[in-house]
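Participant: kindly return the folded structure for what I paste below:
(one chain, ligands or ions: 2)
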Amino acid sequence: MKKIIIATKNKGKAKDFEALFGPLGYEVLTLQDVADDMDVEETGATFEENAVLKATALANHLQTMVIADDSGLEIDALDGRPGIYSARYAGEEKSDEANIDKVLEELKDVKESERSARFVCAIAVASPTREPFTVRGTCEGIIAQERKGTNGFGYDPIFFVPSENKMMAELSAEEKGAISHRGNAINLLAANLDDLLGKA
Ligand SMILES: O=c1[nH]c(=O)c2ncn([C@@H]3O[C@H](COP(=O)(O)OP(=O)(O)OP(=O)(O)O)[C@@H](O)[C@H]3O)c2[nH]1
Ligand SMILES: [Mg+2]
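Facilitator: Numbers count the residues shown, from 1 in each chain. Ligands and ions are numbered 1, 2, ... in the order given. Model prediction:
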């Protein structure tokens, strides 16, 4: 089976990628499978810079093609926060629950029509022999007043998707992949995927 290596420690992302790459015939491997001890500091100023840092570090270490995802939630009423700091918004322990609590508290006096937001996903493809490049996918939505749904990860329980009339956390992995920032970014790669990643 063709394999794809994703430089992530986030199990929720890994599940999203399995739903997206499985049907394309790829087995998904993550940092846990290939370099468990590796930790790359996300010092970039943009999603793209951080995705390139993560992908390049692992591609150089393994001497093979690797992809990485740097993603997050931009809330318009918060001037784009949490943005690239989404994973650690409420502290270094990276708690999805605490992150959601913080966002809901910050938006408690913001009315429905001003709760627009988007998920952003930059995917970087890096290899030891080529310059890295990135693609970006987005998904527009509205931050709800309270949690609903148990699928997905991160902010999915408070991210309402108007086109589906559901919270992101109410969608199956396949349904999420069809409309999500991550799915949209993968679609931009899909046409060249076999060439990019090798057919082995
Ligand atoms: O509800 C969500 N649904 C999503 O689909 C989604 N995608 C990203 N996010 C948020 O953005 C952070 C990424 O930060 P991030 O790219 O640095 O990843 P991470 O630190 O979790 O793992 P790694 O890939 O760096 O190892 C995540 O933790 C989440 O808080 C999402 N939230
Ligand atoms: Mg991270």
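Participant: what segments of this structure are strands?
Facilitator: When assigned using DSSP state E, the strands of the chain occupy the ranges 2-6, 26-30, 66-75, 116-127, 130-143, 159-161, 166-167.
Participant: quick one: which of those is nearest Ala190?
Facilitator: Nearest to Ala190, of all the strands of the chain, is strand 130-143, at 10.1 Å by CB to CB. For every residue, glycine as well, the C-beta is placed using N, CA and C.
Participant: can you redo the strands of the chain as JSON lines with mean pLDDT?
Facilitator: Compiled in JSON lines, the strands of the chain are given as follows (pLDDT from 0 to 100):
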{"stretch": "strand 2-6", "mean pLDDT": "94"}
{"stretch": "strand 26-30", "mean pLDDT": "95"}
{"stretch": "strand 66-75", "mean pLDDT": "98"}
{"stretch": "strand 116-127", "mean pLDDT": "97"}
{"stretch": "strand 130-143", "mean pLDDT": "96"}
{"stretch": "strand 159-161", "mean pLDDT": "98"}
{"stretch": "strand 166-167", "mean pLDDT": "98"}
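Participant: what's the closest of those to Glu42?
Facilitator: Closest of these to Glu42 is strand 66-75, at 7.0 Å (criterion: CB to CB).
Participant: for ligand 1, what's its nearest residue on this structure.
Facilitator: Nearest residue of the chain to ligand 1: Gly154, at 2.4 Å (CB to the nearest ligand atom).
Participant: contacts only, for the most centrally placed residue in the chain.
Facilitator: The geometric centre of the chain, computed from its C-alpha atoms, lies nearest to Ser71 (CA atoms, centre = their mean), at 4.2 Å. Shown here is Ser71, whose contacts under the criterion CB atoms under 8 Å, 6 or more residues apart in numbering are Lys13, Phe47, Ser86, Phe119, Val120, Cys121, Ala122, His181, Arg182.
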